[in-house]
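>>> here is my input; please provide its structure:
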Amino acid sequence: MRYVDGFVLAVPQKNLKLYRHDQDDRERADAVRRQAHGLRWFQGSGRPVRGAFHEFRRFNWPIWLGFLLSLIAFLSYFLVFVWFPVTRDFPWANLLLFGIAVALLFVGVRRAFAPDRPRPKLSKIVGSVLATLSVAIFGLFILTTFIIARRLPASHGAPQVGHRAPDFNLSDTNGKPVTLSELRASPINAKTPKGVLLIFYRGYWINGQDIARPAEFLADSSGIVRWVNLTENYWVRARPEQILEVAKTLQ
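Sure thing, here's the model as predicted:
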């Protein structure tokens with residue numbers, strides 16, 4: 001314990017020496033105090049004063065922020081980014097968030113294993129657990145968006161461009177039965193439609209096998225398929241501008 005200008009310095013480092021300074025040498029004393037990690041100040045009355053900045057430095061915030069950012073990067077794709085084609089077709093925004101999380105986790109793990117932590121054993125356990133969970137979250141994201149999403153059933157019998165689309169009798173999103181011939185013949189604004197856009201979402205399961213896959217078909221008024229989009233990824237869909245560009249070719 002040393003007295004400097006009416007304050008008491010408590011310095012945890014064993015080898016740190018604080019020399020007595022006079023009125024003209026305060027700058028050197030301030031430099032020594034700034035270098036002392038974990039420095040605590042006590043006023044002349046003996047009442048301890050602990051600054052918020054000091055407590056913030058002692059808290060391993062990078063490891064917690066990296067873990068939280070990993071959760072946000074995983075959930076935001078399915079809750080937010082999947083609704084926008086620019087971030088849905090390739091999840092670059094989520095990968096960027098994961099990259100920032102990795103940098104924070106790296107800094108946090110180094111802090112957790114630093115020898116001067118107040119509770120080194122607890123710090124190492126918490127740091128290891130949070131880092132492991134973050135890696136598991138990133139692995140789950142890669143598994144769901146790049147691997148499982150591509151496990152779609154084959155569509156060898158799907159209509160191809162130039163083929164006639166087979167008539168069908170299915171229920172729409174409101175449960176109303178519709179047929180392709182009915183869609184082709186139903187007038188729109190008292191005019192016969194030039195074509196029909198068919199959008200099939202993923203179907204239901206029978207004996208553990210998915211019998212349908214996301215697909216879009218554009219057939220003209222005679223029932224000939226003019227455009228087909230069989231996505232290779234469950235989360236990827238045709239963009240509206242793609243469909244409009246093809247629809248312009250219908251006569």
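
>>> check what pLDDT the nearest residue to I100 once chain neighbours are set aside gets.
Computed as CB to CB, 6 or more residues apart in numbering, the closest residue to I100 that is not its neighbour in sequence is L69, at 6.1 Å. All C-beta spots, glycine's among them, are computed from the backbone N, C-alpha and C. Looking at L69, its pLDDT stands at 97.

>>> can you pull the contacts of L69?
Residues near L69 by CB atoms under 8 Å, 6 or more residues apart in numbering: L97, F98, I100, A101, L104.

>>> where do the strands of the stretch 101-250 of the chain begin and end?
Here the stretch 101-250 of the chain has its strands, by DSSP state E, counting those that start in this stretch, at 169-171, 177-179, 195-200, 205-206, 209-210, 215-220, 225-230.

>>> need those in JSON lines with distance to F81, mean pLDDT and mean neighbour count, can you?
JSON lines is the format used below for those (distance: least, CB to CB, whole Å; pLDDT from 0 to 100; neighbours: other CB atoms under 10 Å):
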{"stretch": "strand 169-171", "distance to F81": "30", "mean pLDDT": "79", "mean neighbour count": "10"}
{"stretch": "strand 177-179", "distance to F81": "32", "mean pLDDT": "86", "mean neighbour count": "12"}
{"stretch": "strand 195-200", "distance to F81": "21", "mean pLDDT": "83", "mean neighbour count": "17"}
{"stretch": "strand 205-206", "distance to F81": "26", "mean pLDDT": "46", "mean neighbour count": "9"}
{"stretch": "strand 209-210", "distance to F81": "24", "mean pLDDT": "50", "mean neighbour count": "10"}
{"stretch": "strand 215-220", "distance to F81": "21", "mean pLDDT": "86", "mean neighbour count": "21"}
{"stretch": "strand 225-230", "distance to F81": "21", "mean pLDDT": "87", "mean neighbour count": "18"}
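
>>> would you map out the domains in the chain?
2-57, 59-150, 169-247 (automatic domain parsing).

>>> deepest of those, which one?
Most buried of the domains of the chain by mean neighbour count (mean count of other CB atoms under 10 Å) is domain 59-150; its value is a mean of 16.

>>> ends of that one, what's the gap?
End-to-end distance for domain 59-150, by CA to CA, to the nearest Å: 42 Å.
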